[in-house]
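Asker: I'd like to go over a predicted model; first the sequence, then the structure.
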Amino acid sequence: MNESPSPPQSDADSTSLDVDFQIACRHRLRFTDDVFGKDAQVLADLLESSEGRGARVQFWLDEHVLEHRPDLKNQIHRFARQFRDRFDVVGNTQVVPGGEAVKNDVHIIERMLKVFHEADLDRRSYIVVIGGGAVLDAVGFAAAIAHRGIRLVRLPTTTLAQADSGIGVKNSVNLFQKKNWIGTFCVPWGVVNDKELLSSLSDRDFRCGFSEAVKVALLKDPELFRLICQSTEDIRTRQGNCWRIIRESAAWHMQHITRGGDPFEMQEARPLDYGHWSAHRLESLSEFELRHGEAVAIGVAIDTVYSARVHGLSESVADSVLNCLNELGLLVSHPAIQQEQQLLKGLEEFRQHLGGRLTVTMLNDVGSPLNIHSIDHEEMLVAVRHVMESTRQNSATDPHST
Ligand SMILES: NC(=O)c1ccc[n+]([C@@H]2O[C@H](COP(=O)([O-])OP(=O)(O)OC[C@H]3O[C@@H](n4cnc5c(N)ncnc54)[C@H](O)[C@@H]3O)[C@@H](O)[C@H]2O)c1
Ligand SMILES: [Zn+2]
């Protein structure tokens, strides 16, 4: 039966009424081989029609994806025709700048909103966005604030977004020259991880996603970590186990969001940000010459070495993490990492972004993270220098590092 219709009670003379409540959400994740080919039905099924008339659907596309896949516009067109009795694809496919450029100009958001408005999109319409994590973030932000939320279906086109950010419940753009300064928490309507959409990705960007897979494996799943260590060749050659690793990494993110108890990051710990206090700093110190995935690999390596020096992680595990990242060609050298004191400022930026006291995740063992609230700066500098040496060796010898 329904719950009592009476309002929550407070004491007669009380001026406070505190009520805890929960929101039911569904997170939909699909895996396809060719979403605009043989698996088109999967996407069509996500775009449910609402209230007896076909929903309005608008497609948004990363310009660099389009550059490499000029056929995509036609494929979207064919998809629209194939399912025209189920939903209306409105307007032309919209193209936006790829990479961080789309997040660095806040006026682009206003232009997106104008396009939504002119297409009469409403809260039961769908925005389907195809692109890297940056484009998903920016279009996702505009979708979240228009009408207080238009349904968003993400088709991530990088391994990083398929294994990590595309599954998340955040969006943002950069403001005041700070990463992700405005944004919202918002559960996407659905996410489709499609193999074919990764085909045009450069080898460098393809490898980058696996630093997030290493990260989530270190936090949650020793088996997955072993699998990644054994599959570095598969990953470099884009075959074999790499699809399974993306899938398992995405599933762990999904599990963390839906079962971890803190999808909107209200608590102080952010375990999925392992290695990210320095990674974010390295991205900006390198003026984004380092990719997010490369910066994360360096950040994970630094916190792993620190964990071994200060928090009881065994040295052999720390060595295997560095070896694995090295074999993936992810520990690339960059002068930014030599700016040690500037790098350490990342700790304070990380604290400020969250508010409250500093909380950083470290590792006691693979699958056994711990939260700490202070950092020994001398030990951290030793860890940074150790990783710096590894990156130097790697870039000198590894043909995959550029
Ligand atoms: N919302 C979150 O929870 C979250 C989490 C982590 C990272 N992020 C954000 O994600 C962004 C990084 O995303 P990314 O690593 O996916 O990189 P990206 O979006 O910056 O893409 C890298 C480059 O590859 C291009 N590209 C993308 N897919 C392609 C394809 N299939 N073929 C050819 N070119 C392609 C892009 O246009 C871009 O130039 C950052 O802005 C980061 O802040 C968000
Ligand atoms: Zn990340």
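Answerer: Great, that's in hand. Ligands and ions are numbered 1, 2, ... in the order given.
Asker: C-alpha only now, for contacts and for neighbours.
Answerer: Will do.
Asker: so which helix or strand takes in Ile127?
Answerer: In the assignment (DSSP states H and E), Ile127 maps to strand 126-131.
Asker: in the stretch 201-350 of the chain, what spans have low per-residue confidence?
Answerer: Counting by pLDDT under 70, the stretch 201-350 of the chain shows no low-confidence range.
Asker: Would you map the helices across it?
Answerer: 203-220, 222-230, 232-236, 242-259, 276-285, 292-310, 315-327, 340-354 (DSSP state H, counting those that start in this stretch).
Asker: just to revisit the earlier point, so which elements touch the next helix or strand after the strand holding Ile127?
Answerer: Going down the chain from strand 126-131, the next helix or strand is helix 133-145, by DSSP H and E. Using 3 or more CA pairs under 8 Å, 6 or more residues apart in numbering; DSSP states H and E, the elements in contact with helix 133-145 are strand 55-62, helix 101-104, helix 107-118, strand 126-131, strand 151-156, strand 170-175, strand 178-185.
Asker: If we use 6 Å, what do you get?
Answerer: strand 170-175 (3 or more CA pairs under 6 Å, 6 or more residues apart in numbering; DSSP states H and E).
Asker: Which positions in the strand it packs on come out as buried?
Answerer: Across strand 170-175, burial judged by 16 or more other CA atoms under 10 Å covers Lys170, Asn171, Ser172, Val173, Asn174.
Asker: tell me the most buried of the helices of the stretch 201-350 of the chain?
Answerer: Among the helices of the stretch 201-350 of the chain, the stretch with the highest mean neighbour count (mean count of other CA atoms under 10 Å) is helix 292-310, at a mean of 26.
Asker: Just the angle for that one relative to helix 203-220, thanks.
Answerer: With axes from the mean of the first three to the mean of the last three CA atoms, to 10 degrees applied, the angle from helix 292-310 to helix 203-220 works out at 40 degrees.
Asker: how close does the residue nearest the centre of the chain get to Leu282?
Answerer: Closest to where the C-alpha atoms of the chain average out (CA atoms, centre = their mean) is Ser165, at 1.2 Å. Note on Ser165: its distance to Leu282, by CA to CA, to the nearest Å, is 18 Å.
Asker: just Asn323 next, same as before
Answerer: From Asn323 to Leu282 the distance is 21 Å (CA to CA).
Asker: for Phe36, same thing?
Answerer: Phe36 is 37 Å from Leu282, by CA to CA.
Asker: and what of Gly37?
Answerer: Taken as CA to CA, the span from Gly37 to Leu282 is 39 Å.
Asker: how about the residues of the stretch 51-200 of the chain that lie near ligand 1?
Answerer: 62, 64-65, 68, 98-100, 131-135, 137, 157-158, 160-161, 165, 168, 170-171, 197-198, 200 (CA under 6 Å from any ligand atom).
Asker: Could you tell me which of those count as buried?
Answerer: 62, 64-65, 98-100, 131-135, 137, 157-158, 160-161, 165, 168, 170-171, 197-198, 200.
Asker: ok so, going back, with distance to ligand 1 added, can I get the helices of the stretch 201-350 of the chain in TSV?
Answerer: Formatted as TSV, the helices of the stretch 201-350 of the chain follow (distance: least, CA to the nearest ligand atom, whole Å):
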stretch	distance to ligand 1
helix 203-220	7
helix 222-230	19
helix 232-236	16
helix 242-259	10
helix 276-285	8
helix 292-310	6
helix 315-327	16
helix 340-354	14
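Asker: Can you say which of these is nearest to His107?
Answerer: Among the helices of the stretch 201-350 of the chain, the nearest to His107 by CA to CA is helix 276-285 (21.2 Å).
Asker: Can you tell me what sits against that closest one?
Answerer: Applying CA atoms under 6 Å, 6 or more residues apart in numbering, the contact partners of helix 276-285 are Leu290, Ala295, Val296, Gly299, Ala336, Gly346, Leu347, Phe350.
Asker: how far out from the middle of the chain is that helix?
Answerer: Remark: helix 276-285 is offset 15 Å from the chain centroid, using CA atoms, centre = their mean, to the nearest Å.
Asker: Tell me the one of the contacts of helix 276-285 nearest His256?
Answerer: Val296 (18.8 Å).
Asker: any idea how far the residue nearest to that closest one when sequence neighbours are not counted lies from His292?
Answerer: Once flanking residues are discounted, Val296 sits nearest to Ala279: 4.9 Å by CA to CA, 6 or more residues apart in numbering. Distance, Ala279 to His292, by CA to CA: 7 Å.
Asker: ok, now how distant is the residue in the stretch 201-350 of the chain that ligand 1 sits nearest to from Glu248?
Answerer: Proximity of the stretch 201-350 of the chain to ligand 1 (CA to the nearest ligand atom) peaks at Leu201, 3.7 Å away. Using CA to CA, Leu201 is found at 20 Å from Glu248.
Asker: Three-state assignment for Asn364, please.
Answerer: strand (DSSP: H, G, I helix; E, B strand; the rest coil).
Asker: Tell me how many other residues crowd the closest residue in space to it that isn't next to it in sequence.
Answerer: Using CA to CA, 6+ apart and skipping residues adjacent in sequence, the residue nearest Asn364 is Leu313, 4.8 Å away. Leu313 has 20 neighbours, counted by other CA atoms under 10 Å.
Asker: what do you get for Ala336?
Answerer: Neighbours of Ala336 using other CA under 10 Å come to 18.
Asker: same check, this time on Glu289
Answerer: The number of residues near Glu289, taken as other CA under 10 Å, comes to 14.
Asker: how much space between it and Arg84?
Answerer: For Glu289, the distance to Arg84 - CA to CA - is 43 Å.
Asker: swap in Phe185?
Answerer: Look at Phe185 and Arg84: by CA to CA, they are 32 Å apart.
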